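Undergrad: Predicted model and sequence follow; I will ask about them next.
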Amino acid sequence: MSELAIRHEKNKTSGRYVVDLAPGMIGEMTYQRVNLNKIAIDHTRVPPEFRGKNIAAKLMEFAIEQAKKNKDKIVPECSYVQVQFARHKEWANLLAS
């Protein structure tokens, strides 16, 4: 898969990082805003036919970059995000306490 065009859609209380994969098919990572500088990532979804292509990893990397840019801390409610934080100790400073 070539470079993914991930977009950030949000409102005051929630948002998502989303990528179009094929007509009518998306990969997404959703979150709820907990407070001014904290988000809870609660869901990651990639259609089965697109799994194994690092799409979820790219969404995670995008979420990390957005958190750094916005000075947000992350509450990893989604099991995928929990695993990624365990694998990437360099992201520990972005974990919400």
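TA: Sure, I can see it.

Undergrad: quick one: terminal-to-terminal distance for stretch 29-41?
TA: Distance between the two ends of stretch 29-41: 7 Å, counting by CA to CA, to the nearest Å.

Undergrad: Off-centre distance for that stretch?
TA: Average the C-alpha atoms of stretch 29-41, do the same for its chain, and the two points are 10 Å apart (CA atoms, centre = their mean, to the nearest Å).

Undergrad: buried stuff in the longest helix seen in the chain?
TA: In the chain, taking DSSP state H as the definition, the longest helix is helix 55-70. Taking 16 or more other CB atoms under 10 Å as the basis for neighbour counts, the residues of helix 55-70 that come out buried are 55, 56, 58, 59, 60, 61, 62, 63, 64, 66, 67. All C-beta spots, glycine's among them, are computed from the backbone N, C-alpha and C.

Undergrad: Check stretch 10-29 too.
TA: Within stretch 10-29, the residues that qualify as buried by neighbour count (16+ other CB under 10 Å) are 15, 16, 17, 18, 19, 21, 27, 28, 29.

Undergrad: who's in contact with stretch 16-26?
TA: Outside of stretch 16-26, the residues that reach it under the criterion CB atoms under 8 Å, 6 or more residues apart in numbering are 4-10, 27-31, 46-47, 49-50, 55, 58-59, 62-63, 66.

Undergrad: these two touch, right, residue 97 and residue 73?
TA: Yes: checked against CB atoms under 8 Å, the pair residue 97 and residue 73 is within contact range at 7.5 Å.

Undergrad: Which one's more surrounded, those two?
TA: The residue with the greater number of neighbours, taking residue 97 and residue 73 and applying other CB atoms under 10 Å, is residue 73; the counts read 16 against 5.

Undergrad: Could you pull up the residues touching the nearest residue to that one once chain neighbours are set aside?
TA: If you skip the residues right next to it in sequence, residue 73 has residue 96 as its closest partner in space, 3.9 Å away by CB to CB, 6 or more residues apart in numbering. Contacts for residue 96 (CB under 8 Å, 6+ apart) come out as 34, 38, 40, 73, 74, 75.
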